[in-house]
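A.B. asks: here are the coordinates; sequence isn't available:
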């Protein structure tokens, strides 16, 4: 069976510090991978997605970047965090092609202070 | 623009009763999927039910069913025999076929099931 791991679960970082959130998927190959952000009490906004190694699509201009160094690894990064980067970050995966369901990780609560 | 609107920020229902959550969406695409996700206090996103836009028959998963009206771009979720464990935030979302699998979410409806 497939599983998705996302860490850390919570993170408190000072303004201006770097960020690295990691997501890995097990039990499948060549998944589509996604990073979403959820502001408090609101819906999810897609930040980045990847359909293959080294292929990253950015949905919104922001202070963040994403990378996919391995087939089942997706990393969300920032060189200098802003207060507005605080939120709940969710990684997700789905099989490529017509299969539609996306499965989510447990999420990371990021607080920038 | 592709958008999803959930007009009910909060709802409550008595245990064992039925509740319907509303969702409308806007897209010019013809091939897409619709979903309802549940986010309990743990904040884990859990797929509740999905509907392929080309299917006229409404999807059903145990106590959960949808009313899909494609022409009206409406996709409501009905929860029958509500249980305390159904208390959660519910998100409506859609995914355009062949656009990378991106999900577009509504703002959510917070459902409270009361004993």
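C.D. replies: Looks like it came in fine. Keep in mind the model is a prediction, meaning the values are calculated, not measured.

A.B. asks: around chain A, pick out the residues from chain B.
C.D. replies: Counting by C-beta under 8 Å from any C-beta of the partner chain, the residues of chain B close to chain A are B:4, B:33, B:35, B:42-45, B:47, B:50, B:52, B:91, B:93, B:95, B:97, B:100-108. In short, each C-beta sits where N, CA and C put it, glycine included.

A.B. asks: filter these down to just the ones in strands.
C.D. replies: B:4, B:33, B:35, B:47, B:50, B:52, B:91, B:93, B:95, B:103, B:104, B:105 (DSSP state E).

A.B. asks: return the residues in contact with residue A:80.
C.D. replies: Residues in contact with residue A:80 (C-beta atoms under 8 Å, 6 or more residues apart in numbering or on different chains) are A:15, A:16, A:17, A:18, A:63.

A.B. asks: over to residue B:56?
C.D. replies: residue B:70.

A.B. asks: do the one 10 residues further on as well
C.D. replies: Residues counted as contacts of residue B:66 (C-beta under 8 Å, 6+ apart) are B:34, B:36, B:49, B:51, B:58, B:59, B:60, B:75, B:76, B:77, B:78.

A.B. asks: go ahead and confirm the first one touches residue B:92.
C.D. replies: Yes. Under the criterion of C-beta atoms under 8 Å, residue B:34 makes contact with residue B:92 at 7.3 Å.

A.B. asks: shared neighbours of these two, which are they?
C.D. replies: Residues touching both residue B:34 and residue B:92 (C-beta under 8 Å, 6+ apart): B:25, B:75.

A.B. asks: ok, so what distance separates the nearest residue to residue A:46 once chain neighbours are set aside from residue B:56?
C.D. replies: Of all residues not flanking residue A:46 in the chain, residue A:59 sits nearest, at 4.7 Å (C-beta to C-beta, 6 or more residues apart in numbering or on different chains). In this view, residue A:59 and residue B:56 are 32 Å apart by C-beta to C-beta, to the nearest Å.

A.B. asks: how many other residues sit next to residue B:105?
C.D. replies: 22 (other C-beta atoms under 10 Å in any protein chain shown).

A.B. asks: wait, it touches residue A:43, no?
C.D. replies: Yes. With contact defined as C-beta under 8 Å, residue B:105 reaches residue A:43; the gap is 3.9 Å.

A.B. asks: what pLDDT does residue 80 get?
C.D. replies: You didn't say which chain, so I picked chain A. On the pLDDT scale, residue A:80 is placed at 96.

A.B. asks: oops, wrong one, chain B.
C.D. replies: So residue B:80 comes in at 98 (pLDDT).
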